[in-house]
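Q: fold the following for me, if possible:
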Amino acid sequence: MTQQTLPSVQPMAAKKRSWAEHLLRLAVGLLLWWASAWLLFALLLMPEKSTPTRMFPVCVWQGMRPVPMFLAERKEAEMPQRLCLETLDYREADSPYWLRLDETEPGTFYLQVWNDSMGDPLESAYRLVSTNPEQITPLWQRNGKNMARVMSFFYAIVPSIVLYKLVFYLRARRLRQKSRSITAE
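A: Below you'll find the predicted structure:
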């Protein structure tokens with residue numbers, strides 16, 4: 001049995017990398033992480049717009065302050081409170097309470113309500129069919145969108161590492177094939 005000697009191969013880790021290559025690797029890694037997180041959020045984690053339930057919020061005026069009120073509570077009240085009929089962005093000074101109402105189309109409203117600084121907004125969309133008598137058609141509601149967005153960055157760590165390793169493995173393989181073809185000539 002004869003012993004064969006293999007050509008010495010210098011490992012990639014032993015080579016000195018330049019700052020430009022370090023920055024390139026960092027940028028590619030962050031880009032892959034962001035793209036993985038965005039795809040996970042958009043395709044899997046974003047909560048769907050659910051059908052309206054009994055706890056569907058609409059914007060009403062309570063004195064000079066806009067507040068969300070559940071549609072069922074508003075219907076049961078003897079004297080229903082006045083609806084918010086214009087676009088508004090209301091924040092309280094010493095409180096995390098924030099209410100934003102946008103009129104997306106004439107008579108169609110999109111409501112977002114934050115009750116704490118770190119929480120998700122309670123989102124709803126409704127259409128005002130008529131004002132006399134008031135008829136509101138609930139379109140959809142959703143909760144938990146921001147938390148799903150944050151969780152997508154945690155869930156994207158593993159797929160982005162796999163993609164990162166694959167990209168640089170294929171790059172190193174291509175460079176090795178080029179160097180072999182140059183040395184073979």
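
Q: contacts and neighbour counts: CA atoms only from here.
A: Fine.

Q: can you list the low-confidence ranges for this structure?
A: 1-15, 117-118 (pLDDT under 70).

Q: what ranges does it have for its helices?
A: Residue ranges of the helices in the chain, as given by DSSP state H, are 19-40, 71-76, 145-155, 157-184.

Q: make CSV out of these and add distance to residue 49 and mean neighbour count.
A: Formatted as CSV, the helices of the chain follow (distance: least, CA to CA, whole Å; neighbours: other CA atoms under 10 Å):
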stretch, distance to residue 49, mean neighbour count
helix 19-40, 17, 15
helix 71-76, 17, 14
helix 145-155, 10, 16
helix 157-184, 27, 13
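
Q: so for residue 60, which of the ones you listed sits nearest?
A: helix 71-76 (9.1 Å; CA to CA).

Q: show me what that closest one is in contact with.
A: Here helix 71-76 makes contact (CA atoms under 8 Å, 6 or more residues apart in numbering) with 54, 55, 56, 57, 58, 80, 81.

Q: how about a cut-off of 7 Å?
A: For helix 71-76, the external contacting residues (CA atoms under 7 Å, 6 or more residues apart in numbering) are 54, 55, 56, 57, 58, 80.
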